[in-house]
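S.K.: Structure here, sequence nowhere to be found:
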């Protein structure tokens with residue numbers, strides 16, 4: 001997801017998002033910070049959800065539904081504005097995949113995301129370059 005770095009966003013890999021209860025945390029594959037990272041890597045290992053503009057999860061073959069169910073609900077309940085899910089596509093190269101872009105539904109009385117769009121990583125890269 002070099003596009004995020006190329007766009008000048010502050011991206012953390014395997015970052016931590018802490019909830020309100022002890023041991024209530026998630027480790028998204030990538031996290032985009034609202035503001036520049038606060039110092040050394042150890043100082044941002046578990047940031048509050050409000051520190052993130054977006055989190056990105058790459059679907060694991062071991063738990064293919066976790067990103068679409070449990071994690072999606074957790075991130076929505078904790079108010080993370082945007083959530084991307086990246087899935088492998090069997091008919092594409094290993095470098096490509098499908099990105100599902102979700103945004104927090106501000107109009108709903110229950111925390112949830114609305115799907116904004118779904119596209120290939122290669123399509124997003126082409127859009128970024130043009």
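M.R.: Everything's here; your move. Keep in mind the model is a prediction, meaning the values are calculated, not measured. Numbering: from 1, shown residues only.
S.K.: For this protein, which segments count as strands?
M.R.: Assigned by DSSP state E, the strands in the chain fall at 11-13, 16-18, 25-26, 30-33, 46-47, 52-58, 82-88, 97-104, 113-120.
S.K.: so which of those strands gets nearest residue 4?
M.R.: Distance to residue 4, taken as CB to CB, is lowest for strand 11-13 among the strands of the chain, at 4.8 Å. Just so you know, the C-beta spots here come from the backbone N, C-alpha and C atoms, and that holds for glycine as well.
S.K.: what helices or strands is the closest one leaning on?
M.R.: In terms of contacts (3 or more CB pairs under 8 Å, 6 or more residues apart in numbering; DSSP states H and E), strand 11-13 is packed against strand 30-33.
S.K.: buried set for the strand it packs on?
M.R.: 30-33 (16 or more other CB atoms under 10 Å).
S.K.: Run through the protein and note the low-pLDDT ranges.
M.R.: 1, 37-44, 64, 92 (pLDDT under 70).
S.K.: Just give the number of residues close to residue 116.
M.R.: As a burial measure, residue 116 scores 11 neighbours (other CB atoms under 10 Å).
S.K.: which residues touch it?
M.R.: Residues counted as contacts of residue 116 (CB atoms under 8 Å, 6 or more residues apart in numbering) are 101-103.
S.K.: In a markdown table, list those residues along with neighbour count and distance to residue 72.
M.R.: Listed next are the contacts of residue 116 as a markdown table, based on neighbours: other CB atoms under 10 Å; distance: CB to CB, whole Å:
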| residue | neighbour count | distance to residue 72 |
| --- | --- | --- |
| 101 | 18 | 12 |
| 102 | 23 | 7 |
| 103 | 14 | 12 |
